[in-house]
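Asker: please find the sequence and the predicted model below.
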Amino acid sequence: MHLFPAIDLRDHQVVRLHQGDYDQQKTYGDDPLDQAKLFADAGATWLHVVDLDGARTGRMVHLEEIRRICAETDLKVEVGGGVRNEASIDALLKVGVTRVILGTAALRNWEWFESLMGNPTYRGRLVLGLDAREGKLAVSGWEETTEVDAVDIARKVSDWPLAAIVYTDIATDGTMQGPNVDATRDMAQATHTPIVASGGVGTLDHLRALRGLPVQGAIIGRALYEGAFTIEQALEAFEGDG
């Protein structure tokens, strides 16, 4: 199991959104590299980065910030937001990203996404981002909700050579009120693809609850920035003996 501290980027700053609402933003810093180094120095091995401007516009905005994080830390970095084509995937892999998250582009152009599975360069390097509101998939930076069930998509890709599925429950994201444990369990049990849970963690007990599920990892963001616990405590609770 791996803990994925999160850095969400908007206008080159470290921010968090409440339930994916771009009008409910809180800014936590203006240097993403400094924040990444803090996580690395505390013992984190993975980092989850989202280009929020990219997710909204369909064009990556923060490639340079991501490049610097990869070059100047030892973190394994996964990145999503604005990845709409193979050129974007290749650009991220070239700057040192470990794995690339595809969400909107995969769901809107499924045949193209499926074709990527035949490229040996991408095997084990691509992550499918499934963001759900009441179980239904949301796309375009969460601004559009579809009628597609997230669990059905997880079943469909069960035997594909994906690195993981990042499953985000939008209703809990940024709330610190607790993850949707039942929905995450259902997702994990529906597919052979490893699940990384995202959304709602606000206490160490929330992390321990996720640790009890068959998941690959958990993403945490606002709770760290708000000081609910330290990254060291989170790592101990989720990856260690805590």
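Answerer: Yes, it's here.
Asker: which strands and helices lie in contact with the helix-or-strand element of the chain with minimal mean pLDDT?
Answerer: Ranked by mean pLDDT, DSSP states H and E, the weakest helix or strand in the chain is strand 144-149, scoring a mean of 83. Counting contacts by 3 or more Cβ pairs under 8 Å, 6 or more residues apart in numbering; DSSP states H and E, strand 144-149 packs against strand 136-139. C-beta here means a position set from N, CA and C on the backbone, and glycine is covered the same way.
Asker: so how far is residue 46 from the closest residue to residue 5 other than its chain neighbours?
Answerer: With sequence-adjacent residues excluded and distances taken as Cβ to Cβ, 6 or more residues apart in numbering, residue 5 is closest to residue 39, at 4.6 Å. From residue 39 across to residue 46, the span is 9 Å (Cβ to Cβ, to the nearest Å).
Asker: more neighbours: which of these two?
Answerer: Between residue 39 and residue 46, counted using other Cβ atoms under 10 Å, residue 39 has the larger neighbour count: 23 against 19.
Asker: which ones are touching that one?
Answerer: By Cβ atoms under 8 Å, 6 or more residues apart in numbering, the contact list for residue 39 reads 5, 47, 75, 231.
Asker: in strands only, show me those.
Answerer: Residues of the contacts of residue 39 located in strands (DSSP state E): 5, 47.
Asker: can you put the contacts of residue 39 in JSON lines and add distance to residue 165, neighbour count and pLDDT?
Answerer: Below are the contacts of residue 39 laid out as JSON lines (distance: Cβ to Cβ, whole Å; neighbours: other Cβ atoms under 10 Å; pLDDT from 0 to 100):
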{"residue": "5", "distance to residue 165": "19", "neighbour count": "25", "pLDDT": "98"}
{"residue": "47", "distance to residue 165": "18", "neighbour count": "26", "pLDDT": "98"}
{"residue": "75", "distance to residue 165": "21", "neighbour count": "21", "pLDDT": "98"}
{"residue": "231", "distance to residue 165": "24", "neighbour count": "19", "pLDDT": "97"}
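Asker: closest to residue 170 out of the contacts of residue 39?
Answerer: Nearest to residue 170, judged by Cβ to Cβ, of these is residue 5 at 19.7 Å.
Asker: what's the spacing between stretch 135-148 and its chain's center?
Answerer: Distance of stretch 135-148 from its chain centroid, counting by Cα atoms, centre = their mean, to the nearest Å, is 16 Å.
Asker: separation between the closest residue to residue 150 other than its chain neighbours and residue 37?
Answerer: In this structure, residue 150 finds its nearest non-sequential neighbour in residue 132, 4.1 Å apart by Cβ to Cβ, 6+ apart. According to Cβ to Cβ, residue 132 stands 32 Å off from residue 37.
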